[in-house]
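Trainee: Using only what follows, build the 3D model:
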Amino acid sequence: MKYLVLLGDGMADEPMDELGGKTVLQAARTPFMDRLASAGELGMAQTVPAAYHPGSDVANLSVFGYDPASCYTGRSPLEAASMGVRLAPEDVAFRLNLVDIVHHQGKLYMADFAAGHISSGEARELILSLQDELGDADFEFHPGVSYRHLLVWRNGEDRLRFVPPHDIINQSIEDKMPQGQGAEVLINLMTSAQMLLKNHPVNLRRIRDNQVPASSIWLWGHGRAPQMPTYAEKFGISGAVISAVDLIKGIGVYAGLEVIEVPGATGYVDTNYAGKAAAAIDALSRHDFVYLHVEAPDEAGHAGNLEEKIRAIERFDAEIVGAVLQQLSEPYRLLLLPDHPTPLHLRTHSRDPVPYVLYDSRQDRASGLTYCEQAAHSTGRFCEQGHLLLPQLLQRA
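Mentor: Model (predicted):
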C-alpha cells in the first residue's frame, strides 16, 4: 500500500459576490478533485488549534500528523532545518522576509510582503550583502528562495512578539514592530538593513526596471529547535516530501523524510506542477509515503488575485491531482486538502476548518459530491484535531 498527501496551500476560501455566492473551489473547474470527493470520505478538518495563529507552520505540522501542542516552537527553526542551518539549544531562528515598505502621509506602510516576488538570484545578492555588513558572531543571514530567508540569533532572546508581514498588507507598521525582550536590538538591525538596501545595486536595477524593490527586511516566526519523532519512529514507514517552500521541507527533515528538489519549483504560481507530480510517482517507487505541497493558491490569495487563484487551483487539479491519479497503479490511499483557508478578501490566513478527502483506491463508490467547502460541510463529518487525519490515512487510527 502506498500513501500520499496532496496539499494545495490556501485553496479554501469564503463565498464571494463576484462568483455569485460561490467559493473559489466551487467556481474552479476541478474534475479530478471532484472525482476523489465523490468516491472517498469527504469532510471538514480543523488544522489550526484555537490557541495558535493560523500559520502554514502550525497547519502543516497538523497535516503531517504532529500535534502542534507537543512540538511547535516556531516557524523558522523548521525553515533552518531545510536550509541545513544547525541550531544549538540556545539559538533562535527568525524568518526574514524581503519586503517593500513605503512612506505615505507621514507614516510607513507595508506595501509588499514579498518584494515583488523578487528572484532568488537577486535576493541572494541582497542577503549576502547583509551578512557581509551586518553579520557577526551574534547574527547570521542565510539566503533562501525568492523573498523567504533566515536570520539566526546565536544565544538569542525568544520572549518576543511579531506580526507576519502578509497580515498587514497596506497597513501602517508603526504599531506592528517587534515587541518584547530583545526587540530593540532587532529593530536596530532592521533599520540598519534598510539603510544598506536603499542604494544596493540590485534595488537600483529593480527600480530602474519598474519592479518592486526590497527596501527592508521583516522578522517574524521565531523559535528554538523543536523535538520531533521521525516517521520511522512514529509510524514505521519511510517517505518523501516535495515542496518549494523551506518550511515544508524543514518539517520533512525533522520527520526523517527524503527532501526532493524539483527543478523549476518556485513556491509561486509559475511552479513546475508536472515536475512535482512526476517526482511524487518516482518517490513512491522507493518509499511508502509522499507529501506533495503546492504553494500557488496561497500566494494568489495573499495577492488578492481571484483569477490567479482559480488558475492555480485548476492547475493543481489537472497537473498534480490528475497526473498522479493517472500514473498510480498499485493500491494506494490519498489525503487531499489545503492546510488552511486564505480568503481573497482578507489576503491572509484564517483558522476556519478546511475540506478534506480521504480516498482509498480499492473502494468503488460515487456519492455525487464535489470537492468544495459546502459539500464537505454537508456530510457532517468533522475532524476536530487535524493531526489525527494522517493516522487515519495510514490506517493507524
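
Trainee: Now whichever helix or strand residue 190 is part of - C-alpha only, CSV.
Mentor: Per DSSP states H and E: residue 190 is located in helix 183-198. Only the C-alpha atoms of helix 183-198 are listed here, as CSV (Å, rounded to 0.1, in the frame of the first residue of the first chain):
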residue,chain,number,x,y,z
ALA,A,183,13.1,43.8,20.4
GLU,A,184,15.2,47.0,20.4
VAL,A,185,18.2,45.0,19.1
LEU,A,186,16.1,43.6,16.2
ILE,A,187,14.6,46.9,15.3
ASN,A,188,18.0,48.4,15.1
LEU,A,189,19.1,45.6,12.9
MET,A,190,16.0,46.2,10.6
THR,A,191,16.8,49.9,10.4
SER,A,192,20.5,49.2,9.5
ALA,A,193,19.3,46.8,6.8
GLN,A,194,17.0,49.5,5.3
MET,A,195,20.0,51.9,5.1
LEU,A,196,22.1,49.2,3.3
LEU,A,197,19.3,48.1,0.9
LYS,A,198,18.3,51.6,-0.1
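
Trainee: Let me see the contact set for the residue nearest the centre of the chain.
Mentor: Using C-alpha atoms, centre = their mean, the residue of the chain that lies closest to the mean C-alpha position is residue 56, 4.7 Å off. Neighbouring residues of residue 56 by C-beta atoms under 8 Å, 6 or more residues apart in numbering: 9, 75, 245, 247, 248, 298, 339, 340, 349. Where C-beta positions appear, they are placed from N, C-alpha and C, glycine not excepted.

Trainee: Using CSV, lay out those together with neighbour count.
Mentor: Below are the contacts of residue 56 laid out as CSV (neighbours: other C-beta atoms under 10 Å):
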residue, neighbour count
9, 26
75, 26
245, 24
247, 25
248, 29
298, 28
339, 30
340, 29
349, 27
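
Trainee: In those, find the pair that's most separated.
Mentor: 248 and 349 (15.0 Å; C-beta to C-beta).

Trainee: hmm, back to that, can you list phi and psi of the residue nearest to the centre of the chain for me?
Mentor: Residue 56 adopts backbone torsions of phi -70, psi -20, taken as degrees, to the nearest 10.

Trainee: Between the contacts of residue 56, which sits nearest residue 321?
Mentor: Among these, and counting by C-beta to C-beta, the member closest to residue 321 is residue 9, at 14.1 Å.

Trainee: what's near enough to touch residue 34?
Mentor: Taking C-beta under 8 Å, 6+ apart as the test, what residue 34 contacts is 370, 371.

Trainee: element containing it, please.
Mentor: For residue 34, the host element (DSSP H and E) is helix 31-39.

Trainee: If you count neighbours, what's buried in that helix?
Mentor: Across helix 31-39, burial judged by 16 or more other C-beta atoms under 10 Å covers 32, 33, 34, 35, 36, 37, 38, 39.

Trainee: For it, the averaged confidence score.
Mentor: If you average the pLDDT over helix 31-39, you get 98.

Trainee: how big is the angle separating the following helix or strand past it from helix 31-39?
Mentor: Sequence-wise, the next helix or strand downstream of helix 31-39 (DSSP H and E) is strand 41-45. Compare the direction of strand 41-45 with that of helix 31-39 by axes from the mean of the first three to the mean of the last three C-alpha atoms, to 10 degrees and you get 100 degrees.

Trainee: thinking again about what came up before, just name the closest of the buried residues of helix 31-39 to residue 394, please.
Mentor: Nearest member of the buried residues of helix 31-39 to residue 394, counting by C-beta to C-beta, is residue 36, at 17.6 Å.

Trainee: Verify the stated contact: the closest one with residue 336.
Mentor: Yes: with contacts counted by C-beta atoms under 8 Å, residue 36 reaches residue 336, the gap being 5.6 Å.

Trainee: what sits in contact with each of those two?
Mentor: 321, 357, 359, 371.

Trainee: domain ranges for the protein?
Mentor: For the chain, automatic domain parsing gives the domain ranges 2-72+227-393, 92-223.

Trainee: if you compare those, which one is most tucked away?
Mentor: Among those, ranked by average contacts under mean count of other C-beta atoms under 10 Å, first place goes to domain 2-72+227-393 (a mean of 20).

Trainee: nearest spatial neighbour of residue 206, skipping sequence neighbours?
Mentor: Closest residue in space to residue 206, ignoring its immediate chain neighbours: residue 213 at 4.9 Å, by C-beta to C-beta, 6 or more residues apart in numbering.
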